[in-house]
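[1] Fold the following and give me the result.
(chains A and B)
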Protein chains: 2
Amino acid sequence: MERVPVLKIGDILLVSIQIDMEDQVALQLQEDLADRIVATGAHGVIIDISALDIVDSFVGRTLATIASVSRVLDAETVVVGMRPAVAITLVELGLSLPGIRTALNVELGIAMLGNRADGDDALFDDDDESGPAVVTTP
Amino acid sequence: MERVPVLKIGDILLVSIQIDMEDQVALQLQEDLADRIVATGAHGVIIDISALDIVDSFVGRTLATIASVSRVLDAETVVVGMRPAVAITLVELGLSLPGIRTALNVELGIAMLGNRADGDDALFDDDDESGPAVVTTP
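    Below you'll find the model as predicted:
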């Protein structure tokens, strides 16, 4: 079965959606993401949809569910890379992705999450921290 | 046509391969990557293949070509996320991916590229970090 990989970068999880989000794939992704958030103590999830030509209501709902689950697990979700045409279609369909934060690209998404973390030095300290990353004020 | 997105994170380009690398997709990816390296001045390319069940000789050659082209453009390539079964199959096939550096996951790949850059403050310089994570003296 096809599966969307979840990449860990610092305390952010990155997902690049490139395949059709059928039911099974979407459910698996939700599960994988929730597991990884808990396992890694990640504080942010970035979902890149730059490969998607179409975002229909099912994908929209999947993204919303992922954002909600992540929030409950104390991780913020940012959807990045949306194509202009996709944005137009979404709004025309009456889907404005409520509750989902967006950024133009991965870098801006990381910056957005970094700002939330108030000093993101936790982002790239490769020597691993055990337990959830805690923002340390110097 | 399907297209593998190239994500920019700091001065690294990240590619997560999830779809079958048919001829056209592979060629397009090579082109996209070369263009992005030139456009962004990226110093590193990370190719995540954790979603791939199979890496045949064509994919192996594609990765090698990408690595060579990147090198000519002054960017180093690291292939990350290879599954154990894939590694075994590759070696059994006599494909040991010469000229391609590998790392276990994206984070280690970034660390590997960071070391090469000799102080990768360009990578995430939004604000303070106390110097490069690891300094290797030649």
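[2] what ranges do the helices span in chain A?
    Secondary structure of chain A, counting by DSSP state H: helices at A:23-40, A:57-72, A:84-92, A:106-117.
[3] winner for burial among those?
    Stretch with highest mean neighbour count among the helices of chain A: helix A:106-117 (a mean of 19; mean count of other CB atoms under 10 Å in any protein chain shown). C-betas here are computed from N, CA, C, even on glycine.
[4] Do I have it right that A:V78 meets A:M112?
    Yes: when contacts are counted by CB atoms under 8 Å, A:V78 is listed as touching A:M112 (5.5 Å).
[5] Find the residues that touch each one of these two.
    A:R101, A:A103 (CB atoms under 8 Å, 6 or more residues apart in numbering or on different chains).
[6] Of all the helices of chain A, which one comes closest to chain B?
    Closest to chain B of those is helix A:106-117 (CB to the nearest CB; 4.7 Å).
[7] Are that closest one and chain B in contact anywhere?
    Yes: residues of helix A:106-117 contacting chain B under CB under 8 Å from any CB of the partner chain: A:V106, A:E107, A:I110, A:A111, A:G114.
[8] how far away is the last one from A:K8?
    To A:K8, A:G114 is 16 Å away according to CB to CB, to the nearest Å.
[9] Show me what the lowest-mean-pLDDT helix or strand in chain A is packed against.
    Here the helix or strand of chain A ranked lowest by mean pLDDT, DSSP states H and E is helix A:106-117, holding a mean of 86. Applying 3 or more CB pairs under 8 Å, 6 or more residues apart in numbering or on different chains; DSSP states H and E, one finds that helix A:106-117 contacts strand A:12-16, strand A:44-48, strand A:76-80, strand A:101-103, strand B:6-9.
[10] ok, and what's touching that helix?
    A:11-12, A:14, A:43-44, A:46, A:48, A:76, A:78, A:80-81, A:101, A:103, A:120, A:123, A:135, B:7-10, B:14, B:126.
[11] Drop anything exposed from these.
    A:11-12, A:14, A:43-44, A:46, A:48, A:76, A:78, A:80-81, A:103, A:120, A:123, B:7, B:9-10, B:14 (16 or more other CB atoms under 10 Å in any protein chain shown).
[12] Below-threshold pLDDT in chain A: ranges please.
    A:1, A:116-138 (pLDDT under 70).
[13] Repeat the analysis, applying 50 as the threshold.
    A:119-138 (pLDDT under 50).
[14] Now distance to B:V59 too, for the helices of chain A, in JSON lines please.
    Formatted as JSON lines, the helices of chain A follow (distance: least, CB to CB, whole Å):
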{"stretch": "helix A:23-40", "distance to B:V59": "22"}
{"stretch": "helix A:57-72", "distance to B:V59": "28"}
{"stretch": "helix A:84-92", "distance to B:V59": "29"}
{"stretch": "helix A:106-117", "distance to B:V59": "24"}
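[15] so what's the closest residue to A:A51 other than its chain neighbours up against?
    The shortest distance from A:A51 to any non-neighbouring residue, by CB to CB, 6 or more residues apart in numbering or on different chains, is to A:Q18 (4.2 Å). Residues counted as contacts of A:Q18 (CB under 8 Å, 6+ apart) are A:V4, A:A51, A:L52, B:E2, B:V4, B:P5, B:S16, B:Q18, B:I19.
[16] Drop anything exposed from the residues you listed.
    Buried among these (16+ other CB under 10 Å): A:V4, A:A51, A:L52, B:V4, B:P5, B:S16, B:Q18.
[17] For stretch A:21-33, which outside residues touch it?
    By CB under 8 Å, 6+ apart, the list of residues contacting stretch A:21-33 reads A:1-4, A:6, A:13, A:15, A:17, A:19, A:45, A:58-59, A:62, A:65-66, A:69-70.
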